[in-house]
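In: whatever this is, show me its structure:
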Amino acid sequence: MNSELHTLDLSSNLLGEIKIDDFLFKKLDKLEILKLDSNSLKTLPEEIFSTNLNLVKLFLNNNSIVSLEKGIFSNLWKLENLYLAMNDLSEINKHTFDSLKSLQMNREGLRIKNSKSN
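Out: This is a model prediction of the structure:
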């Protein structure tokens, strides 16, 4: 059974204190807006959004994210807004954002890493 939930706001819940499972949002396939900002998140599993094909807005800002897996956003073709400002990203694979229409983040000190394996 799939959830009809369209918006989920988990902002400011200290999610960085727990281990986040790859399929935490698996059954939320109708989800359009997901707010995970201000949670002290450091990493996100590569498959965490793999079933959330209807995501339009994703708020990951104001965390402590240091890196993003190359395929983390690969299934999110409907994603229009990704908020990554105020994180600790220092290096990102150049293909991480291939499917995105727009991106908001602070680029200060950021290096785009070319991957030989694409």
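
In: neighbours around the nearest residue to residue 28 once chain neighbours are set aside, how many?
Out: Of all residues not flanking residue 28 in the chain, residue 3 sits nearest, at 5.2 Å (C-beta to C-beta, 6 or more residues apart in numbering). Bear in mind the C-beta positions are built from the backbone N, C-alpha and C, glycine included. When counting by other C-beta atoms under 10 Å, one arrives at 13 neighbours for residue 3.

In: my guess is residue 3 contacts residue 32. True?
Out: No - the pair residue 3 and residue 32 does not pass the contact test of C-beta atoms under 8 Å, sitting 12.0 Å apart.

In: strands of this structure, start to end?
Out: Ranges of strands within the chain are 7-9, 33-35, 57-59, 81-83, 91-93, 111-113, based on DSSP state E.

In: one step back: which residues touch the residue nearest to residue 28?
Out: By C-beta atoms under 8 Å, 6 or more residues apart in numbering, the contact list for residue 3 reads 27-31.

In: what of residue 33?
Out: Contacts of residue 33 (C-beta under 8 Å, 6+ apart): 6-8, 55-59.

In: give the bridge partners for it, please.
Out: In this entry, residue 33 is beta-bridged to residue 7, residue 57, by DSSP bridges.

In: what's the pLDDT at it?
Out: Residue 33 is assigned a predicted lDDT (pLDDT) of 98.

In: please apply the same query to residue 107.
Out: According to the model's per-residue confidence, residue 107 sits at a pLDDT of 56.

In: with residue 103 instead?
Out: Confidence per residue is given as pLDDT, and for residue 103 that number is 62.

In: ditto for residue 58
Out: Checking the pLDDT column for residue 58, the value is 94.

In: that one against residue 81, yeah?
Out: Yes - Residue 58 is within contact range of residue 81, at 7.2 Å (criterion: C-beta under 8 Å).

In: all set, thanks.
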